[in-house]
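1. Pasting the sequence and the predicted coordinates here, then a few questions.
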Amino acid sequence: MIEKTNEYGHTEYWYTATEVAQIVGMRDGNGKIIGRNKFIAMLRQNNVLKENNMPYQYYVNLGFVQMYAVQKWHQHYIPIFSQTFIEYVRKKVDNGTFKYVHEKQPLVKIFKDAGEVF
């Protein structure tokens with residue numbers, strides 16, 4: 001949990017993807033609770049995060065997601081989520097709108113002779 005002070009001096013609590021995945025308790029196709037990586041993949045599949053884990057502006061404007069700078073070996077950014085986002089995801093998971101697709105559909109290619117096409 002990350003504590004941030006907003007412009008009015010109030011403390012807000014923001015959660016990492018690991019914490020949100022544990023709180024929501026979403027299960028994959030095998031009945032296991034999904035972790036951070038599968039949770040982030042689910043958010044990408046449902047157009048909350050882009051491929052580079054940056055949130056879409058819609059969710060930033062709603063106050064659901066922010067980017068947080070983390071300094072380890074080098075500075076990088078991680079998405080952090082608000083309490084209202086956790087409630088939003090729970091509702092979406094409960095009514096079946098947000099799903100985790102654990103396997104991509106196979107790409108089917110059909111090859112034909114050039115003589116069959118014409």
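-> Thanks, I have it. Numbering: from 1, shown residues only.
2. Can you list the low-confidence ranges for the protein?
-> Within the chain, the ranges that satisfy pLDDT under 70 run 102-118.
3. And the longest helix along the chain, what's buried?
-> Looking across the chain with DSSP state H, the single longest helix is helix 83-94. Across helix 83-94, burial judged by 16 or more other C-beta atoms under 10 Å covers 85-86, 88-90, 92-93. C-betas here are computed from N, CA, C, even on glycine.
4. Out of the residues you listed, which comes closest to residue 1?
-> Lowest distance from residue 1 to the buried residues of helix 83-94 (C-beta to C-beta) belongs to residue 86, with 11.5 Å.
5. Could you pull up the contacting residues of that closest one?
-> With C-beta atoms under 8 Å, 6 or more residues apart in numbering as the criterion, the residues that contact residue 86 are 15, 20, 23-24.
6. Just give me the residue right at the centre of this structure.
-> By C-alpha atoms, centre = their mean, the chain has its centre lying nearest to residue 43, at 2.5 Å.
7. Thought residue 49 was touching that residue, still the case?
-> Yes: between residue 43 and residue 49 there is a contact under C-beta atoms under 8 Å: 4.5 Å.
8. Quick one: the strands in the protein, in order.
-> Residue ranges of the strands in the chain, as given by DSSP state E, are 2-5, 11-14, 65-71, 75-81.
9. winner for burial among those strands?
-> Sort these by mean neighbour count, taking mean count of other C-beta atoms under 10 Å, and strand 75-81 sits at the top with a mean of 17.
10. centre of the chain versus that one, how much separation?
-> Here the centre of strand 75-81 is set off from its chain's centre by 12 Å, with C-alpha atoms, centre = their mean, to the nearest Å.
11. Might you report the residue contacts of residue 5?
-> So residue 5 contacts 11-12 (C-beta under 8 Å, 6+ apart).
12. what residues are up against residue 18?
-> Contacts here follow C-beta under 8 Å, 6+ apart; on that basis residue 18 touches 35-36, 39.
13. Scan the residues you listed and report the most crowded one.
-> Among the contacts of residue 18, residue 39 has the most neighbours (other C-beta atoms under 10 Å), with 20 neighbours.
14. Can you tell me the closest non-neighbouring residue to it?
-> The shortest distance from residue 39 to any non-neighbouring residue, by C-beta to C-beta, 6 or more residues apart in numbering, is to residue 21 (3.7 Å).
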